[in-house]
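J.: return atomic coordinates for the entry below.
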Amino acid sequence: MQLSSRRVYDGKVLALDVDEVLEPGDVRTTREVVRHRGSVAALPVTEDGAVILVRQYRYAVGQALWELPAGRLDGSETPEAGVQRELREEIGHRAAHLEKIAFFYTTPGFCDEAMHLYRATGLEPDQAATDDDERIEIGAFTLDQAAAMIASGDLREGKTLVAVLLELARRQKASR
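T.: Residues are numbered from 1 along each chain as shown. Predicted coordinates for the structure are as follows:
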């Protein structure tokens with residue numbers, strides 16, 4: 001139960017609250033919580049079964065990472081509209097079919113960000129303007145290549161690991 005809350009930062013991407021709380025077991029403590037309006041991500045799958053990933057520099061970890069096209073939800077945008085917008089902005093396509101494959105909290109120890117993860121198929125060209133601060137490389141990988149990237153540590157971003165592992169399980173089940 002929240003006893004008090006103080007907003008210490010309110011930025012473009014997130015806000016930070018310092019909350020006094022009473023948790024189960026009558027534990028009274030202070031929690032710093034990052035508030036986020038939610039995000040979407042897509043695993044684009046081509047007709048031949050390749051997955052499309054984007055590589056971009058991530059300042060917080062100081063390196064470029066291969067990951068899913070993704071981004072935060074804008075205002076009252078639905079997750080489906082958000083994922084289509086991200087596909088257009090990051091890979092220049094839209095999906096004829098979206099299948100929600102997961103919903104999860106990215107880092108619930110300190111952040112309330114909820115992520116909606118979709119499998120995107122029936123990809124059709126549909127370019128949109130990219131964000132000014134994004135420099136994106138696009139790559140298409142077989143599922144075997146993506147699995148090898150996980151094994152070698154070349155693919156290490158959370159939502160992408162979840163999506164690729166779910167796709168591997170899906171294809172394994174389909175081949176039975």
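
J.: now V18: which helix or strand?
T.: For V18, the element it lies in under DSSP states H and E is strand 15-23.

J.: meant to ask about V162, not that
T.: Counting by DSSP H and E, the secondary-structure element that holds V162 is helix 158-174.

J.: could you point out which element follows the strand holding V18?
T.: Per DSSP H and E, the first helix or strand lying C-terminal to strand 15-23 is strand 27-35.

J.: from the contact counts, what lies against whichever helix or strand comes after that next one?
T.: Per DSSP H and E, the first helix or strand lying C-terminal to strand 27-35 is strand 39-44. Contacting strand 39-44 under the criterion 3 or more C-beta pairs under 8 Å, 6 or more residues apart in numbering; DSSP states H and E are the following elements: strand 51-58, strand 70-72, helix 79-91, strand 93-105, strand 114-125, helix 158-174. C-beta coordinates here come from the backbone N, C-alpha and C atoms, glycine included.

J.: quick one, domains of this structure?
T.: Following automatic domain parsing, one finds the domains of the chain at 2-35, 39-174.

J.: any idea what the closest residue to R58 other than its chain neighbours is bridged to?
T.: Using C-beta to C-beta, 6 or more residues apart in numbering and skipping the chain neighbours, the partner closest in space to R58 is L65 (5.4 Å). Partner residues in beta bridges with L65: Q56, with DSSP bridges as the criterion.

J.: what count of nearby residues applies to L65?
T.: L65: 16 surrounding residues under other C-beta atoms under 10 Å.

J.: can you tell me the centre-most residue of the chain?
T.: A41 (4.1 Å; C-alpha atoms, centre = their mean).

J.: tell me if I'm right that that residue and H116 touch.
T.: Yes: under the contact definition of C-beta atoms under 8 Å, A41 touches H116, with a separation of 7.5 Å.

J.: out of the helices and strands packed on strand 39-44, which gets nearest to D10?
T.: Each of the helices and strands packed on strand 39-44 was checked against D10 via C-beta to C-beta, and the shortest separation belongs to strand 70-72, namely 14.9 Å.

J.: pull out the buried positions in the closest one.
T.: For strand 70-72, a neighbour-count test (16 or more other C-beta atoms under 10 Å) marks A70, G71, R72 as buried.

J.: confidence score at the second one?
T.: At G71, the pLDDT value in this model is 96.

J.: identify the bridge partners of it.
T.: If you apply DSSP bridges, the partners that G71 bridges to are V40.

J.: any stretches of the protein with poor pLDDT?
T.: Across the chain, the ranges flagged by pLDDT under 70 are 128-134.

J.: the strand holding V18 pairs with which strands?
T.: Counting by DSSP bridges, strand 15-23 is paired with strand 2-10 (antiparallel), strand 27-35 (antiparallel).

J.: winner for burial among those strands?
T.: strand 27-35 (a mean of 12; mean count of other C-beta atoms under 10 Å).
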